[in-house]
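Asker: give the three-dimensional model of this entry:
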Amino acid sequence: MQLFYNPELDSSAKEVTFDKIESRHIVKVLRKKMGDVLSITNGQGSLFEAEIIVAGEKKCVASIKSSVTKEKGWNYHLHMAIAPTKSLDRLEWFLEKATEIGVDEITPIFCSNSERRVVKMERLQKIVVSASKQSLKYHFPKLNKAITFKEFLNDDLDGEKLIAHCYDRKKTPLKDINVPDKTTILIGPEGDFSEQEVDRAISKGFTAISLGTSRLRTETAGIAAVHSVSLLNQ
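Answerer: Coordinates of the predicted model:
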């Protein structure tokens, strides 16, 4: 199944017009023609079936024939706040794999020990969209703007709040946490959170957690957390 994406679609839509890049991909690369049916999602839980009525490489138009609301696929809300890695490839890998497994929100956070202070959100959004389409997700993760660690802690966060760090301090294994319907997990940069950041998070109601006995890279820790929450909720 080939899944297409148009965030503007809603239940009142009658047809969809694809931009030049998507039109060329549909007609030239996938060799779709008039009468062929496309599956389209708005990333908000809706799946539309649409029949191509204009098959042009510069302008492809499809008439919507039906729409259904799809279940998310998991019964919890997971918000991952992760420090951008020095190598953007590693951050992109995390975004791709976390999206495939199942995550609801992702916020890049800049910490005291962060080696990277700038990220291109447009590029990261494309990674999320591509991974969502590839893994046939109808509920796309929300990619929030990058903010500082301090700004993130000042937000009102509901549910369980967890912070993973590598210091030799009291920590609860994530597998022993009774993960509720809504969970936020903080993952630090290559140099870890500063101890002051850990203390500040704990003062804000976060619980310190362990992801195992091995020292993990930032992106590996992120994936371990996402996958663990998925398993704990099965």
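Asker: for the rest of this, base every contact and every neighbour count on C-alpha atoms.
Answerer: Noted.
Asker: roughly how far apart are the residue nearest to the spatial centre of the chain and Thr207?
Answerer: The centroid of the chain falls nearest to Pro141 when counting by CA atoms, centre = their mean (3.8 Å). For Pro141, the distance to Thr207 equals 24 Å [CA to CA, to the nearest Å].
Asker: the residue nearest to the centre of the chain touches Val128, doesn't it?
Answerer: Yes: using CA atoms under 8 Å, Pro141 is in contact with Val128, at 7.2 Å.
Asker: which neighbours do these two share?
Answerer: Contact criterion CA atoms under 8 Å, 6 or more residues apart in numbering; residues shared by Pro141 and Val128: Thr99.
Asker: am I right that His25 falls within a strand?
Answerer: No: under the criterion used here (DSSP: H, G, I helix; E, B strand; the rest coil), His25 is helix, not part of a strand.
Asker: ok, and what's touching the least confident helix or strand in the chain by mean pLDDT?
Answerer: None of the helices or strands of the chain scores lower by mean pLDDT, DSSP states H and E than helix 20-24, at a mean of 92. Residues from elsewhere that reach helix 20-24 (CA under 8 Å, 6+ apart): Ala55, Gly56, Glu57, Lys58, Lys59, Cys60.
Asker: give me the buried entries from these.
Answerer: Buried positions within the contacts of helix 20-24, assessed by neighbour count (16 or more other CA atoms under 10 Å), are Ala55, Gly56, Glu57, Lys59, Cys60.
Asker: output those as a markdown table; include the columns distance to Ala83, secondary structure and pLDDT.
Answerer: Formatted as a markdown table, these follow (distance: CA to CA, whole Å; DSSP: H, G, I helix; E, B strand; the rest coil; pLDDT from 0 to 100):
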| residue | distance to Ala83 | secondary structure | pLDDT |
| --- | --- | --- | --- |
| Ala55 | 43 | strand | 96 |
| Gly56 | 43 | coil | 95 |
| Glu57 | 40 | coil | 92 |
| Lys59 | 40 | coil | 94 |
| Cys60 | 39 | strand | 95 |
